[in-house]
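Visitor: model the structure of this input:
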Amino acid sequence: MEVTGKQFIRRLLLTYCLRIVLFLVPVWPCFTTGAYPEEIQTIDGRIIKGEVVNTDKEYLCLRQEPDRIVFIEWRVIKLISRDKEIIIVNHVDDKHTFSLLKANTGEFSARDIQLISTVEISSIYPDETVPPRFFLPQENGISMYNDDKVKTKGSNVAAAIATQQEKVWSGNVDAGFSIKTGNTESIATTVKSNVKRESVYDEYVFSTFYFLEKQGREKSADEQRGTFKYERKHTMNFYSVYQESLEHDEIEKLSLRSISSVGGGYRFINTEKLKYKSEVGPSFTYERFRDNITDTRAGARFGNYLDWTIIPSIQYYFKVDYLPQLEDSEDWRLESDTGMRFAVNKSISLNFGWTNDYDNKPGGEDVKRNDAKVIGTLGYNF
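Guide: Residues are numbered from 1 along each chain as shown. Okay, the predicted model is just below:
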């Protein structure tokens, strides 16, 4: 059957139109939807993109993929841009206000821009703001949820993408000095520091401890310790951890003790006032004494950490590491540090602490198993 020129052109046009229809069917929602993805800039400069699906007074819920939901605390958000609007988040005394820079026409010009200030989230996200009793799983950190796991249970939103503070670096340096005279004379010096850098996904902690005590001209204590810890957040509660600690103790004739450990951690409680987490993983201990005797052991590390803000001016902290060895069940160490911090003002605090190191099998001669110290220091917080 011969095909005429008109029939050929008709079939060609029909095929072309059919291809256009087949192309438009899957992409048509992209042209019909009015949703624009938001770009969120955090205070540490990170850009997070997604579609806002829920908000409340503390958190913003963002959809990045069909099965991936993340939660961001308002206190870590700096800017939000969407379509022809820029939302500026202002942080003043733990309260958040919003400035909305809005273009009334197709261009951002001084003539067509409108600036709106508000304290109500519903003014910038009227459709996504959730009721006060909306509940999401009580976890903190980075969250990646399937939508069917999000349920309403009658509580405030208790989830966040990070615990990022407004200051990238935070911490404290404490120092104490005591002199005793009379029947016996002694001088004790204590210096402690704890510095933390926290971002959306990572947390770095550096801590040091120095203690020197002299009775007359002889040293009764001479100890230095440093610890580095890195945490990588994977979900709201679960994180992986690496810790390295170095110790020197002149009285125990210990030139160097190195304890390396890796593992996982879980945040059981993570609120503004109360934080509790536990860690577990393998460890490796290396010891070198003054007489060139060395010892290496494989073991495990179990860590527990508690921080409790009793009232804004009083804080309680407690941390303990239990380090059993694999080859000998009687060879284990327990390192603990607990205390209270009393804020004098925003930068200065009075601190009272108790450190206790217990070694069930001490390495040096005439070295006691338990080494405990009660310490009072004056601290500078930043």
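
Visitor: sheet-wise, list the partners of the helix or strand hosting Glu279 with their directions.
Guide: For Glu279, the host element (DSSP states H and E) is strand 274-289. Strand pairing for strand 274-289, using DSSP bridges, gives strand 254-270 (antiparallel), strand 294-311 (antiparallel).

Visitor: what about the shortest one, distance to the chain center?
Guide: Right, the one you point to is strand 254-270. 16 Å (CA atoms, centre = their mean, to the nearest Å).

Visitor: can I get the CA coordinates of it in PDB?
Guide: Extracted C-alpha coordinates of strand 254-270, given in PDB (Å, rounded to 0.1, in the frame of the first residue of the first chain):
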ATOM      1  CA  LEU A 254      54.400   6.300  84.300                       C
ATOM      2  CA  SER A 255      56.000   8.000  81.400                       C
ATOM      3  CA  LEU A 256      53.000   7.500  79.000                       C
ATOM      4  CA  ARG A 257      49.700   5.700  79.000                       C
ATOM      5  CA  SER A 258      47.800   5.800  75.800                       C
ATOM      6  CA  ILE A 259      44.200   4.500  75.500                       C
ATOM      7  CA  SER A 260      42.600   4.400  72.000                       C
ATOM      8  CA  SER A 261      39.000   3.400  71.500                       C
ATOM      9  CA  VAL A 262      36.300   3.400  68.900                       C
ATOM     10  CA  GLY A 263      32.700   2.500  69.000                       C
ATOM     11  CA  GLY A 264      29.200   3.700  69.000                       C
ATOM     12  CA  GLY A 265      27.100   5.900  71.300                       C
ATOM     13  CA  TYR A 266      23.400   6.500  72.000                       C
ATOM     14  CA  ARG A 267      21.800   9.600  73.400                       C
ATOM     15  CA  PHE A 268      19.000   8.400  75.800                       C
ATOM     16  CA  ILE A 269      18.100  11.900  76.900                       C
ATOM     17  CA  ASN A 270      18.900  15.100  75.000                       C
END
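
Visitor: buried sites along it?
Guide: Buried residues in strand 254-270, counting neighbours by 16 or more other CB atoms under 10 Å, are found at 254-255, 257, 259, 261-263, 265, 267, 270. All C-beta atoms are positioned from the backbone trio N, CA, C, and that covers glycine.

Visitor: what does stretch 318-331 give?
Guide: Across stretch 318-331, burial judged by 16+ other CB under 10 Å covers 321-325, 331.

Visitor: just to revisit the earlier point, let me have the buried residues of strand 254-270 in a markdown table, extended by distance to Ala188.
Guide: Shown next, in a markdown table, are the buried residues of strand 254-270 (distance: CB to CB, whole Å):
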| residue | distance to Ala188 |
| --- | --- |
| Leu254 | 20 |
| Ser255 | 23 |
| Arg257 | 22 |
| Ile259 | 26 |
| Ser261 | 30 |
| Val262 | 35 |
| Gly263 | 35 |
| Gly265 | 34 |
| Arg267 | 36 |
| Asn270 | 36 |
